[in-house]
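# Sequence first, predicted model second:
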2 protein chains.
Amino acid sequence: MPSLTVENYLKAILQLAIATKSEWVSTGQLATTVNVSPGTVTSMLKTLAESGLATYKPYEGVSLTKAGRTLALRVLRRHRLLELFLVKTLDLTWDQVHAEAENMEHAVSDMLIERIDEYLGRPEADPHGDPIPSADGLMRGTGTDAIPLSSCPAPSRVRIVRVLNQQPEFLRYLTETGLEPGATATIEQNSAEGGLVSAKIGKKIVSLGHRAAEQLLVETIR
Amino acid sequence: MPSLTVENYLKAILQLAIATKSEWVSTGQLATTVNVSPGTVTSMLKTLAESGLATYKPYEGVSLTKAGRTLALRVLRRHRLLELFLVKTLDLTWDQVHAEAENMEHAVSDMLIERIDEYLGRPEADPHGDPIPSADGLMRGTGTDAIPLSSCPAPSRVRIVRVLNQQPEFLRYLTETGLEPGATATIEQNSAEGGLVSAKIGKKIVSLGHRAAEQLLVETIR
DNA sequence: CAAATATTTTTGAATAATCAAAATCGCGTG
DNA sequence: CACGCGATTTTGATTATTCAAAAATATTTG
């Protein structure tokens, strides 16, 4: 069984690969997200390569092998099901569950995860709208036609489907302003120059900088 | 924060101290329950002593300090609340939850445990009848007047309150025979010579060897 | 009470994960 | 195309946890 550390590296590689839309991930990126020094990453990459979990090309980067990807998806699945489970059973808020699931994801059995999946009715996404990989190791619809709020044309109506940033402060801000997955809003203004988007949500108008708006994926409706 | 390993040693010391009704625990006992070699235990005991979590006397054994005991009780509390939580929310059986909680107990925050405690209505015991230490670090009523089934006089009526052995096979056997906490039974026979106890539970008569009957704590009723 | 036995500690070594700092590599610019 | 800078890898060490086997200490027994 892979150690907690290995699981974390694999998960980080997968998530970076998805975020950057590139199969290969650099040592530096990994060092930052796993929060260790670059040298540590290098030696871990050799270990992963030896275990057949990743392909490592010095000075190039890493990519996951089939086995590595499967493992990483399993970790992600555990993480996301746990998040949703905690929200549903204990009413934790979506800004609390990420950190909690981060620890628990390495400590739960497949059997428990299966039970949770069943209990939750085989959900497709976690509280942030992130897709939950299926038990057979497939990443499901990555919010197929979802686009960043930052790139929505000025007069349009959208539904928020996913939030990419998991920082508690950010999430709490979204809750305050009503910008949660499932909510619908009308884009009133979107100026590239000013770098901000204004949307009417309920009766209020909310403005967000593009930096923040990029973290919200939405679907256009009607 | 104490490592997972340290937490496990502390928990084991506490449980052995309780089980043997002696403050001091020997290196050998610990080695067996933690499942490492005796030499490993010796070195860990020095570490625990240095951290102020235990008092170590070479060739004598260890005992927990106030700080060590508090920490150990917190681990036990997490373990037992998790067990009950899994049974209540996901319908796991009592023979499944021990192993699961064993892993999870090191990966959940105090906040989560508090939520679980609240959700469960501040329970006093886990599914095996083991008392749940309180949030302020006190071990509550250890089944005060409970005695081993093996020492129950022949004609008497008892209620099962606690099961000391957590092995899944044993627990499943108890479930099959109906010998679960809360159940009541009538002792029909108890012979020291034959080393077995027979009890009528519902309409059936169940016989148990003394070895097994020692693992069941009961209260005399009526 | 001394020899045999059991328990505990010491010793020497291994593994996993990490760091800081030195050495190396690769690429863009003048 | 050489130079230099930023990214990456190496090197040398450290910490935590573990083991097996040797040495030391306790305990039991004849």
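Sure thing, it's come through.

# what does chain A have sitting close to DNA strand C?
Within chain A, the positions near DNA strand C by Cβ under 7 Å from any atom of the strand are A:3-6, A:35-40, A:43-44, A:47, A:59. In short, each C-beta sits where N, CA and C put it, glycine included.

# Buried only: go through the residues you listed for me.
Buried members of these, scored by 16 or more other Cβ atoms under 10 Å in any protein chain shown, are A:6, A:36, A:44.

# about what we covered before: for the residues of chain A next to DNA strand C, work out which two are farthest apart.
Across these, the longest distance by Cβ to Cβ is 28.1 Å; it joins A:4 and A:59.

# dump the residue contacts of residue A:118.
Shown in contact with residue A:118 (Cβ atoms under 8 Å, 6 or more residues apart in numbering or on different chains): no residues.

# Please point out which parts of the helix or strand hosting residue A:82 sit buried.
According to DSSP states H and E, residue A:82 maps onto helix A:66-90. Across helix A:66-90, burial judged by 16+ other Cβ under 10 Å covers A:68-90.

# All the strands of chain A, in order from the start?
According to DSSP state E, chain A carries its strands in the segments A:54-57, A:61-64, A:147-148, A:156-163, A:184-191, A:196-201, A:204-209, A:216-220.

# mind giving me TSV with those strands and columns for mean pLDDT, mean neighbour count and distance to residue B:178?
Output for the strands of chain A, formatted as TSV (pLDDT from 0 to 100; neighbours: other Cβ atoms under 10 Å in any protein chain shown; distance: least, Cβ to Cβ, whole Å):
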stretch	mean pLDDT	mean neighbour count	distance to residue B:178
strand A:54-57	98	18	52
strand A:61-64	98	22	50
strand A:147-148	92	16	60
strand A:156-163	93	19	50
strand A:184-191	91	17	55
strand A:196-201	92	20	57
strand A:204-209	92	14	60
strand A:216-220	93	22	54
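
# got TSV for those strands, with distance to DNA strand D too?
Shown next, in TSV, are the strands of chain A (distance: least, Cβ to the nearest atom of the strand, whole Å):
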stretch	distance to DNA strand D
strand A:54-57	7
strand A:61-64	6
strand A:147-148	25
strand A:156-163	28
strand A:184-191	31
strand A:196-201	29
strand A:204-209	25
strand A:216-220	28
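
# circling back to that earlier point, what angle do the helix holding residue A:82 and helix B:66-90 make?
90 degrees (axes from the mean of the first three to the mean of the last three Cα atoms, to 10 degrees).

# so how far is helix A:66-90 from its chain's centroid?
11 Å (Cα atoms, centre = their mean, to the nearest Å).

# what separates the residue nearest to residue A:9 when sequence neighbours are not counted from residue A:7, distance-wise?
The shortest distance from residue A:9 to any non-neighbouring residue, by Cβ to Cβ, 6 or more residues apart in numbering or on different chains, is to residue A:44 (5.7 Å). Here residue A:44 is placed at a distance of 12 Å from residue A:7 (Cβ to Cβ, to the nearest Å).

# Repeat that for residue A:141.
24 Å.

# near DNA strand D, which residues of chain A show up?
A:26-28, A:31, A:38-39, A:41-43, A:45-46, A:58-61.

# what about 10 Å?
Counting by Cβ under 10 Å from any atom of the strand, the residues of chain A close to DNA strand D are A:24-32, A:37-46, A:56-62.

# need the residues of chain A near chain B, please.
With Cβ under 8 Å from any Cβ of the partner chain as the criterion, chain A meets chain B at residues A:86, A:89-92, A:96, A:99-100, A:103-104, A:106-109, A:111-112, A:115-116, A:119.

# Low-confidence ranges, chain A, go.
For chain A, the stretches with pLDDT under 70 are A:142-144.

# Was I right to think residue A:27 contacts residue A:40?
No. Taking contacts as Cβ atoms under 8 Å, residue A:27 lies outside contact range of residue A:40: 9.7 Å.

# Can you get me a residue count around residue A:138?
Look at residue A:138: counted by other Cβ atoms under 10 Å in any protein chain shown, it has 11 neighbours.

# repeat for residue A:58
9.

# and if you look at residue A:8?
21.

# what sits against it?
So residue A:8 contacts A:34, A:75, A:106 (Cβ under 8 Å, 6+ apart).

# DNA strand D: which of the residues you listed is nearest?
residue A:34 (12.5 Å; Cβ to the nearest atom of the strand).

# what's the neighbour count on the closest one?
18.

# surely it meets residue A:41?
Yes. Residue A:34 is within contact range of residue A:41, at 6.8 Å (criterion: Cβ under 8 Å).

# From the residues of chain A next to chain B, keep the buried residues only.
A:86, A:89-90, A:92, A:96, A:100, A:103-104, A:106-108, A:112, A:115-116, A:119.

# Filter these down to the ones in helices?
A:86, A:89, A:90, A:100, A:103, A:104, A:112, A:115, A:116, A:119 (DSSP state H).

# Taking those, tell me the two that lie furthest apart.
A:103 and A:119 (20.5 Å).
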